[in-house]
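In: predicted model, plus sequence, below.
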Amino acid sequence: MVTFTTLPPWKTQEPEFECVDIYKQPSLQHPRLINHHIQMRPSDEVLAMLSMDSSKNLSNDKAVAEFDMPEEGCPEGQVPIHKPRNSNYSKKRFHLNGYGTIGQHAALIHKTEGNSWRGASAWISVYQPKVTKDQLSMALIWINSEYDGIRNTIQLGWGVIPQLYGDYRTRLTTYWSPDNDDEGCYNMLCSGFVQIDSTLFLGTPFTNISEVGGKQYNAFFSVNQDPKTGNWILTSGRIYIGYWPGELLPFMDDGAEEVRYGGFTNAESENLQPFDIVSPPMGNGNKPQEEEVDLKYNCYMHHVQYVTQDYKNVEIDSNKVAEDADAGKCYDVIYLDNFGSMRQTFIFGGPGGFCDV
């Protein structure tokens, strides 16, 4: 039987973030960013892509998920930096690109074309999968480029990661890697991401969580390479959170070679045999079924889009998408193609369990 271990109680009065001078934030201390100029706003081209608001197409039983963030935010000229409960978490040797190995699994769709992509976006239903303290479960968009065995990657979406956050809340979560996976990190545990917004920061928890069979809460995530600067712009809804500087992602200068969307899980596997490893639920814990699809009972992404080489925001091509679930006994993914007003949509998830035997 799986038991849930209660984490140490954190002082509720202790703020989860600290406000720092925008020009003195940790990422700007990176040696490659000595002469970097902060990009205070996206270019007009990126803003034009973000202006196409698809939230008006959400049905009555779906709403935009809100973040549990301070109303006033940081003072002018300062930005919030999340204070993780475990600052050593970046040293753990498991990575989102390692799915399909012992303890790490994914259910996703990915582009099958051999082109480069300038960005990706989707609306993601927000759930809170029940994990133990040594597990994590995430729903993400991720883009990659690789050269000579070295990978640049950016992942963004939501995650439940008790060892990182000190609780079981669903939070805005990112992961990125500048040179190879071992040098990457979550959120701002290493220097790289430049925070711009004064209120919404990486690691912010969600206020609203979807209910299986009930009210659905969706959050919009996007990452776009800015044609003017080469920086990779992160937004949620219409909020410009910040960016990963192009100087740190040299193999993505001409765009990303891979675009993937879906769920990822990890379970503690060190010093364990495969039959002892218990994987956590993905999405809302339900494994998708093809018969009579009802989104209220599935974790899903909709309005799935990517950005072409010439910076056009388009829907994914249903003829050039592949499904991939490496642990079919535990998780699955079903691409629904053009699903009414939700446009390009897929469902994913599963209960987890003994997935490695």
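Out: Done, it's in.
In: parallel or antiparallel, list what pairs with whichever helix or strand residue 242 is part of.
Out: Residue 242 is located in strand 239-244, with elements delineated by DSSP states H and E. Looking at strand 239-244 with DSSP bridges, its partner strands are strand 194-195 (antiparallel), strand 232-236 (antiparallel).
In: can you give me the buried ones in that strand?
Out: Neighbour-count burial for strand 239-244, counted by 16 or more other Cβ atoms under 10 Å, picks out 239, 240, 241, 242, 243, 244. Every residue, glycine included, has its C-beta placed from N, CA and C.
In: mind listing the residues bridging to the second one?
Out: Bridge pairing for residue 240 (DSSP bridges) gives the partners residue 235.
In: pretty sure it is touching residue 199, no?
Out: No. At 11.3 Å, residue 240 does not count as touching residue 199 under the criterion of Cβ atoms under 8 Å.
In: can you pull out the helices in the chain?
Out: Secondary structure of the chain, counting by DSSP state H: helices at 44-50, 162-165.
In: shaky segments in the stretch 101-250 of the chain?
Out: 179-183 (pLDDT under 70).
In: which residues in it form strands?
Out: 104-111, 119-125, 135-147, 150-160, 171-177, 185-186, 194-195, 216-225, 232-236, 239-244 (DSSP state E, counting those that start in this stretch).
In: quick one: closest of the ones you listed to residue 342.
Out: The minimum distance between residue 342 and the strands of the stretch 101-250 of the chain falls on strand 119-125, with 8.1 Å, by Cβ to Cβ.
In: among the helices of the chain, which is the most enclosed?
Out: Of all those, helix 162-165 has the most neighbours on average by mean count of other Cβ atoms under 10 Å, namely a mean of 22.
In: which residues does the closest residue to residue 245 other than its chain neighbours contact?
Out: With sequence-adjacent residues excluded and distances taken as Cβ to Cβ, 6 or more residues apart in numbering, residue 245 is closest to residue 231, at 5.5 Å. By Cβ atoms under 8 Å, 6 or more residues apart in numbering, residue 231 lies in contact with 39, 194, 225, 243, 244, 245, 246.
In: go again using 6 Å as the cut-off
Out: For residue 231, the contacting residues are 39, 243, 245, 246, by Cβ atoms under 6 Å, 6 or more residues apart in numbering.
In: in stretch 232-239, what's buried?
Out: Buried residues in stretch 232-239, defined by neighbour count with 16+ other Cβ under 10 Å: 232, 233, 234, 235, 236, 237, 239.
In: any weak-confidence spans in the stretch 251-357 of the chain?
Out: Counting by pLDDT under 70, the stretch 251-357 of the chain shows low-confidence ranges at 271.
In: now with 80, please.
Out: Residues of the stretch 251-357 of the chain meeting the criterion pLDDT under 80: 269-272, 291-292.
In: using CSV, list the CA coordinates for stretch 289-298.
Out: What follows is stretch 289-298, C-alpha atoms only, in CSV (Å, rounded to 0.1, in the frame of the first residue of the first chain):
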residue,chain,number,x,y,z
GLN,A,289,-10.4,6.1,-23.2
GLU,A,290,-11.4,6.5,-26.9
GLU,A,291,-15.1,5.7,-26.3
GLU,A,292,-17.3,8.8,-25.7
VAL,A,293,-14.6,11.2,-24.8
ASP,A,294,-15.7,13.7,-22.1
LEU,A,295,-13.1,16.3,-21.2
LYS,A,296,-14.5,16.6,-17.7
TYR,A,297,-13.1,13.2,-16.9
ASN,A,298,-9.6,13.7,-18.5
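In: would you mark the buried spots in that stretch?
Out: Of the residues in stretch 289-298, 295, 296, 297, 298 count as buried by neighbour count, 16+ other Cβ under 10 Å.
In: list the ones among these that fall in strands.
Out: Applying DSSP state E to the buried residues of stretch 289-298, no entry is found in strands.
In: list just the nearest of these to residue 207.
Out: When those are compared for distance to residue 207 (Cβ to Cβ), residue 296 comes out closest, at 19.8 Å.
In: for the nearest residue in space to that closest one that is not next to it in sequence, give its distance to residue 298.
Out: Leaving out its chain neighbours, the residue that sits closest to residue 296 by Cβ to Cβ, 6+ apart is residue 213, at 5.3 Å. For residue 213, the distance to residue 298 equals 10 Å [Cβ to Cβ, to the nearest Å].
In: what does residue 285 give?
Out: Applying Cβ to Cβ, the value for residue 285 to residue 298 is 10 Å.
In: got it, and residue 248?
Out: Distance of residue 248 to residue 298, computed by Cβ to Cβ: 36 Å.
In: again with residue 346
Out: For residue 346, the distance to residue 298 equals 9 Å [Cβ to Cβ].
In: okay, now the residue nearest to residue 289 when sequence neighbours are not counted: neighbour count?
Out: Leaving aside its chain neighbours, residue 289 sits nearest to residue 334 (7.9 Å; criterion: Cβ to Cβ, 6+ apart). The tally of other residues near residue 334 (other Cβ atoms under 10 Å) stands at 19.
In: bridge partners for residue 334, pull those for me.
Out: residue 347.
In: next, count neighbours for residue 66.
Out: Neighbouring residues of residue 66 were enumerated by other Cβ under 10 Å; the total is 13.
In: out of the buried residues of stretch 232-239, what pair is the most spread apart?
Out: 232 and 237 (17.6 Å).
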